[in-house]
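1. Here is a sequence with its predicted model. Questions after.
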Amino acid sequence: MKFLFDFFPILLFFVAYKFGDIIAATEVGKAAILFFHITPPYPIYVATSVGMIAGLSQIAWLIIRGKKIDTMMWISVGSIMLLGGATLLLHDETFIKWKPTALYWTFALGLLISAYGFKKNVIRTMMGEQLDLPAGLWTKLNLSWVGFFIIMGLVNLYVAFTYSTDAWVNFKLFGSTAMMFAFILAQGYVLSKYIDDKKE
């Protein structure tokens, strides 16, 4: 359920981009275009606006329901507001294209700082109840996530600035999601032995 909640803004960004010209032709779209002095192409700016609204809506929903807002959520929404805002105000899609990379690298840096600055393995904190691993393997697991986030950030930049914006938006939804699932499945396969051992 949490995955779907976190995935919600990404899906809305994709849909808003694909229907950007139609949305821009509505009264609300026209008002936003006038307010931000937006010039064509409209889809990327419409999608950016929708992504920002979706992020704020998530925060508002959690606050209303009295739920705890985790650090990753604050970082994610903060990045879309900062880089999305720059995209709209400066009329430059470069900023929003950097957003996934900034997010991935922030996560990677956070894992490293927690591990070596505060002696806290975040991955172990999150998964320790499900897995009984040797200390060295927890370190490797943490570093594997650091490496994965760094690679994801690099791949995003490659796609964003080598291919068209259309291709990047498609990659943002399908490519990034596929890479994430592949990594989790591969990791799950490697760790399945320890999961089975703990059940026994």
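-> Noted; the coordinates are in hand. Residues are numbered from 1 along each chain as shown.

2. Off-centre distance for stretch 64-75?
-> Stretch 64-75 sits 15 Å away from the centroid of its parent chain (CA atoms, centre = their mean, to the nearest Å).

3. now do the same end-to-end measure for it.
-> Using CA to CA, to the nearest Å, the end-to-end distance of stretch 64-75 comes out at 19 Å.

4. what about the closest residue to L173 other than its chain neighbours, how many residues close to it?
-> Leaving aside its sequence neighbours, L173 sits nearest to F14 (CB to CB, 6 or more residues apart in numbering; 4.4 Å). From N, CA and C alone the C-beta is placed, and that goes for glycine too. When neighbours are defined as other CB atoms under 10 Å, F14 has 18 of them.

5. From what I see, F14 and W168 are in contact.
-> No: F14 lies out of contact with W168 (CB atoms under 8 Å); the separation is 11.0 Å.

6. and the next element down the chain from the longest helix seen in the chain?
-> Identified as the longest helix of the chain according to DSSP state H is helix 135-162. Using DSSP states H and E, the next helix or strand after helix 135-162 towards the C-terminus is helix 165-170.

7. Alpha carbons of that following helix, as PDB, please.
-> What follows is helix 165-170, C-alpha atoms only, in PDB (Å, rounded to 0.1, in the frame of the first residue of the first chain):
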ATOM      1  CA  THR A 165      11.900  14.600 -23.100                       C
ATOM      2  CA  ASP A 166       9.300  12.100 -24.300                       C
ATOM      3  CA  ALA A 167      11.800   9.300 -23.900                       C
ATOM      4  CA  TRP A 168      12.900  10.600 -20.500                       C
ATOM      5  CA  VAL A 169       9.300  10.700 -19.200                       C
ATOM      6  CA  ASN A 170       8.700   7.200 -20.300                       C
END
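
8. In terms of helices and strands, where is the residue nearest to L173?
-> Element membership of F14 [criterion: DSSP H and E] is helix 2-18.

9. what's the answer for L191, then?
-> Per DSSP H and E: helix 176-199 holds L191.

10. Pull out the buried residues from that helix.
-> Buried residues in helix 176-199, defined by neighbour count with 16 or more other CB atoms under 10 Å: S176, M179, F183, L191.

11. middle-most residue in this structure, spatially?
-> Nearest to the mean C-alpha position of the chain, by CA atoms, centre = their mean, lies P100 at 5.7 Å.

12. Tell me, please, the helix or strand in the chain that averages the lowest pLDDT.
-> Counting by mean pLDDT, DSSP states H and E, the chain has its least confident helix or strand at helix 27-36, which shows a mean of 78.
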